[in-house]
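*Asks:* Have a look at this prediction, sequence included:
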Amino acid sequence: MLNRLWLGFFLTAAVAALAQWLVGGNAGVFAAIVGSLFDMARLSVEVMVLLFGTLTLWLGFLRIAERAGLIDLLARALGPLFARLMPDVPRDHPAVGLITLNFAANVLGLDNAATPIGLRAMRELQTLNPSATVASNAQILFLVLNASSLTLLPVSIFMYRVQAGAHDPTLVFVPILLATSASSLTGFLAVAFMQKLKLRDPVVLVWLLSIAVLLSAFIAALSTLSAAALAPLSSLLGNLTLFAIVLSFLVVGAWRRVPVYEAFVDGAKEGFDVAKSLLPYLVAMLCAVGVLRASGALDFALDGIRWCVQAIGLDTRFVDALPTALVKPFSGSAARALLIETMKTQGPDSFAALLAATVQGSTETTFYVLAVYFGAIGIQRTRHAVGCALLADLAGVLASIGVCYWFFG
């Protein structure tokens with residue numbers, strides 16, 4: 001899938017460039033394409049420098065939390081819920097702790113760090129699966145929740161906005177929180193419907209109602225604020241939450257007599273290993289997107305969509321963020337490249353860039369997650385996993401558009 005997408009970007013750019021040359025005599029388009037290749041290769045390295053630091057920092061703090069027992073505490077708290085949502089998984093099974101750690105990494109926005117943890121969880125779930133090739137209910141639920149990617153702190157997106165020169169990198173904190181909540185809830189309910197989960201169970205109801213009440217109260221509070229007040233509030237909440245999590249990890253770690261410095265360094269080494277493997281993929285996708293933009297193919301497609309949207313009387317500002325939304329289910333690196341490219345061409349604080357960042361944080365890469373997680377354990381029949389995950393993607397994109405118009409006008 002990724003190979004076809006990447007090759008398709010270059011072939012589409014080639015066709016568009018040839019058409020401009022043959023029809024309009026625009027030979028300069030080839031120089032623009034070649035220049036874009038080198039510009040995007042340089043931009044990839046600049047982005048990676050900051051990404052090294054970000055992943056190293058957060059995996060270091062996550063290791064402190066793990067050694068302080070915070071992850072085990074969370075696993076015990078979620079045990080009764082998992083016992084009902086995944087009845088085939090024993091409460092003391094290693095998969096429960098790994099699933100919890102995977103969710104913790106996703107909540108902190110460490111999608112690249114969450115992947116190796118998620119693969120370990122999927123292998124543990126496979127030990128309980130009676131079939132070697134058909135996905136179990138527990139595996140499907142875990143994958144869909146992973147694909148919908150409930151994110152509390154999208155630190156990677158904050159980092160990209162810092163790199164792009166955004167005035168306030170955490171401006172999209174609350175919009176992402178609302179959009180990813182919508183996608184996660186949709187994905188969960190879709191799986192619950194397909195698997196006939198007993199949502200009326202008292203434990204499940206307590207969790208669902210608690211989340212629904214908290215989210216509804218939060219949205220109700222936000223609805224009382226003006227558009228001018230929403231953006232500063234999002235920034236404040238993002239920074240406070242970020243600082244509170246770091247401080248709590250350190251305080252609990254010190255209280256539990258964890259050697260916090262050594263634990264941080266140990267986790268940071270893993271972050272360095274994860275980050276260095278991403279550079280080739282980032283260069284490949286950023287260069288492909290840059291070529292697509294320089295050839296005029298991407299602008300031509302967006303102009304067509306914009307004309308259709310305008311013809312039915314709707315605002316067209318969201319159209320410039322659609323490339324990120326359309327590519328996200330297929331390739332996280334391509335969506336990341338399109339987000340960076342949108343911030344570069346439109347400005348990091350433009351409506352299109354803010355919406356693209358919100359879309360990027362609202363869901364995970366569905367087909368990539370399916371291919372990697374199921375491919376790693378030899379699953380061939382995914383049953384209802386694809387449909388439920390794509391439904392969550394759609395909910396995340398629509399929620400992102402609505403929330404960004406609400407927050408940024």
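*Replies:* Ah, there it is.
*Asks:* unless I'm mixing things up, residue 293 is touching residue 346, no?
*Replies:* No. The criterion here is C-beta atoms under 8 Å, and residue 293 misses it with residue 346 at 11.4 Å. (C-beta placed from N, C-alpha, C; glycine too.)
*Asks:* Give the residue from the two that has the larger number of neighbours.
*Replies:* residue 293 (23 against 17; other C-beta atoms under 10 Å).
*Asks:* What residues of the helix or strand harbouring the more buried one count as buried?
*Replies:* Using DSSP states H and E, residue 293 sits in helix 279-295. Neighbour-count burial for helix 279-295, counted by 16 or more other C-beta atoms under 10 Å, picks out 281-295.
*Asks:* how much space between the nearest residue to residue 71 once chain neighbours are set aside and residue 267?
*Replies:* Excluding its sequence neighbours, the residue lying closest to residue 71 (C-beta to C-beta, 6 or more residues apart in numbering) is residue 101, at 5.3 Å. Between residue 101 and residue 267 the distance is 12 Å, computed by C-beta to C-beta, to the nearest Å.
*Asks:* Next: residue 194.
*Replies:* Applying C-beta to C-beta to residue 194 and residue 267 gives a distance of 37 Å.
*Asks:* So these two - more neighbours on which side?
*Replies:* Neighbours of residue 194 and residue 267, each counted by other C-beta under 10 Å, are more numerous for residue 267; the result is 22 against 17.
*Asks:* any idea of the pLDDT on that one?
*Replies:* Here, the pLDDT recorded for residue 267 equals 81.
*Asks:* got the contact list for it?
*Replies:* Neighbour list for residue 267: 59, 60, 61, 62, 63, 64, 66 [criterion: C-beta atoms under 8 Å, 6 or more residues apart in numbering].
*Asks:* Can you pull the residues that touch both of residue 101 and residue 267?
*Replies:* In contact with both residue 101 and residue 267: residue 66, using C-beta under 8 Å, 6+ apart.
*Asks:* low pLDDT regions in the stretch 51-200 of the chain?
*Replies:* Scanning the stretch 51-200 of the chain for pLDDT under 70 picks out the ranges 51, 54-55, 104-105, 107-116, 149, 152-153, 155.
*Asks:* Quick one: the helices in it, in order.
*Replies:* Along the stretch 51-200 of the chain, the stretches classed as helices by DSSP state H, counting those that start in this stretch are 70-85, 94-107, 111-126, 137-148, 155-163, 173-195.
*Asks:* Identify whichever of those helices lies nearest to residue 43.
*Replies:* helix 155-163 (8.8 Å; C-beta to C-beta).
*Asks:* can you give me the angle that closest one makes with helix 173-195?
*Replies:* 150 degrees (axes from the mean of the first three to the mean of the last three C-alpha atoms, to 10 degrees).
*Asks:* send the alpha carbons of helix 155-163 over as PDB?
*Replies:* Extracted in PDB, the C-alpha atoms of helix 155-163 (Å, rounded to 0.1, in the frame of the first residue of the first chain):
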ATOM      1  CA  VAL A 155       3.700  16.200  21.500                       C
ATOM      2  CA  SER A 156       4.800  15.200  18.000                       C
ATOM      3  CA  ILE A 157       2.400  17.700  16.400                       C
ATOM      4  CA  PHE A 158       3.500  20.400  18.900                       C
ATOM      5  CA  MET A 159       7.100  19.600  17.800                       C
ATOM      6  CA  TYR A 160       6.200  20.000  14.100                       C
ATOM      7  CA  ARG A 161       4.600  23.400  14.800                       C
ATOM      8  CA  VAL A 162       7.600  24.500  16.700                       C
ATOM      9  CA  GLN A 163       9.800  23.600  13.700                       C
END
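*Asks:* now it: how far from the chain's centre is it?
*Replies:* 13 Å (C-alpha atoms, centre = their mean, to the nearest Å).
*Asks:* Just list what it packs against, helices and strands only.
*Replies:* helix 28-67, helix 332-346, helix 351-362 (3 or more C-beta pairs under 8 Å, 6 or more residues apart in numbering; DSSP states H and E).
*Asks:* Now the first one: buried residues?
*Replies:* Yep, that's helix 28-67 we're talking about. 29-30, 32-33, 36-37, 39-40, 43-44, 47-48, 51-52, 54-67.
*Asks:* Report the angle between that helix and helix 279-295.
*Replies:* Going by the same axes, to 10 degrees, helix 28-67 makes 150 degrees with helix 279-295.
*Asks:* The shortest one now?
*Replies:* Using the same axes, to 10 degrees, the inter-axis angle of helix 351-362 relative to helix 279-295 is 150 degrees.
*Asks:* list the contacts for the residue nearest to residue 71?
*Replies:* Residue 101 neighbours (C-beta under 8 Å, 6+ apart): 66, 71, 117, 121.
*Asks:* Out of those residues, which comes closest to residue 315?
*Replies:* residue 117 (40.4 Å).
*Asks:* Is that closest one in contact with residue 100, as I believe?
*Replies:* No. Taking contacts as C-beta under 8 Å, residue 117 lies outside contact range of residue 100: 9.6 Å.
*Asks:* So for residue 257, which of the helices and strands packed on helix 155-163 sits nearest?
*Replies:* Short answer: helix 28-67, nearest of those by C-beta to C-beta, at 10.1 Å.
*Asks:* what angle sits between that closest one and helix 332-346?
*Replies:* 120 degrees.
*Asks:* Just give me how far helix 28-67 sits from the chain centre.
*Replies:* 16 Å.
*Asks:* So which elements touch it?
*Replies:* Against helix 28-67 (3+ C-beta pairs under 8 Å, 6+ apart) you get helix 2-24, helix 94-107, helix 111-126, helix 155-163, helix 227-255, helix 260-276, helix 279-295, helix 332-346.
*Asks:* out of the ones you listed, deepest packed?
*Replies:* Among the helices and strands packed on helix 28-67, helix 332-346 has the highest mean neighbour count (mean count of other C-beta atoms under 10 Å), at a mean of 24.
*Asks:* All set now, cheers.
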